[in-house]
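[1] Sequence and predicted model, in that order:
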Amino acid sequence: MQSQLQPPEILVYDLGNVLVDFDWMIVIKRLAQKTGKTISDFQQLLTNPKLLYDYEAGEITTQEFFNRVQNLIGYPDSLDDFRYDFGDMFTEAIQMTQLQKKIRASGIPTFILSNTNEIAIDFIKDKFPFFGNFDGYVFSYEEKSMKPNVNIYRAIEKISGKSGNQIAFIDDNIENIEGAIQLGWSAQQHVSFESTKDFFRNLGLI
């Protein structure tokens, strides 16, 4: 889905499944090995919508999230160890990050708007140099608001000074795209590199 295509003044990216791919099974297997619990135990834990929602919505801190997980699974190591064990599941979507670098170099400011958590952002920031190549960042755990809530989109408008069809946006979640379109943003669901590249081309970004 997309609104009427017009040349945007900024480009906003979702992070997970757009600029980085991730695999929960890596985390599940790692934690199961450390605690002696089954993979099934961890699948139930890490797909618990309430626990992850509270963390990514900024309703609990990293320390509080760690304490809850530790109580649930008997995690034996420190919070610093947990940051690695929970955070190391990402791989860079190189075609997407290279295209973003090219677009930004052409003079179009780029931003990241993500439902995410502190552990993930700290890990990505440390591991992937591309992460520093943006003009601004809005994260759900800092804003205490999750897409598709209007407040988190407004945070991008505030830091960029842009609104409506001055903003182009891609996200892998259709509900988040619909939220952006309601504000008049030009937006499209990211389903593949080629489809997103065509969207950018239609907008005159490449």
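    Done, it's in. From a predicted model like this one, the values you see are computed outputs, not experimental measurements. Numbers count the residues shown, from 1 in each chain.

[2] Can you check the pLDDT for Gln44?
    At Gln44, the pLDDT value in this model is 68.

[3] any idea how far Thr110 is from the residue lying closest to Ser160 once chain neighbours are set aside?
    Nearest-residue entry for Ser160: Ile10, 5.2 Å, with adjacent residues in sequence omitted and distances by CB to CB, 6 or more residues apart in numbering. (C-beta placed from N, C-alpha, C; glycine too.) Computed with CB to CB, to the nearest Å, the distance linking Ile10 and Thr110 is 7 Å.

[4] list the residues that contact both of those two?
    Each of Asp135 lies in contact with both Ile10 and Thr110 under the rule CB atoms under 8 Å, 6 or more residues apart in numbering.

[5] would Asp21 count as being in a strand?
    Yes. When the secondary structure is assigned by DSSP: H, G, I helix; E, B strand; the rest coil, Asp21 falls within a strand.

[6] so it touches Met96, yeah?
    No. In terms of CB atoms under 8 Å, Asp21 does not count as a neighbour of Met96; the distance is 9.6 Å.

[7] out of these two, which sits in the busier spot?
    Per other CB atoms under 10 Å, whichever of Asp21 and Met96 has more neighbours is Met96, with 21 against 13.

[8] Please confirm that the more buried one is located within a strand.
    No. When three-state DSSP is applied, Met96 is found to be helix, with no strand at that position.

[9] In contact with it, which residues are there?
    13, 18-19, 193, 196.

[10] out of those, which are inside helices?
    By the criterion of DSSP state H, membership of those in helices covers 193, 196.

[11] Sketch out the helices for the protein, chain order is fine.
    Shown for the chain, the helices assigned by DSSP H span residues 24-35, 39-46, 49-56, 62-73, 79-87, 94-105, 118-127, 140-143, 150-160, 174-182, 193-202.

[12] gap between the nearest residue to Asp135 once chain neighbours are set aside and Val12?
    For Asp135, the nearest residue in space outside its immediate sequence neighbours is Pro109; the separation is 4.1 Å by CB to CB, 6+ apart. Using CB to CB, we find Pro109 at a distance of 9 Å from Val12.

[13] Asn71 too?
    Plainly put, Asn71 is 37 Å away from Val12 if you go by CB to CB.

[14] So which of those two has more stuff around it?
    Of the pair Asn71 and Val12, Val12 is the one with more neighbours under other CB under 10 Å, namely 26 against 9.

[15] Is the more buried one in contact with Ser163, as I believe?
    No. Val12 sits out of contact with Ser163 when judged by CB under 8 Å, with a separation of 11.7 Å.

[16] Thanks a lot, catch you later.
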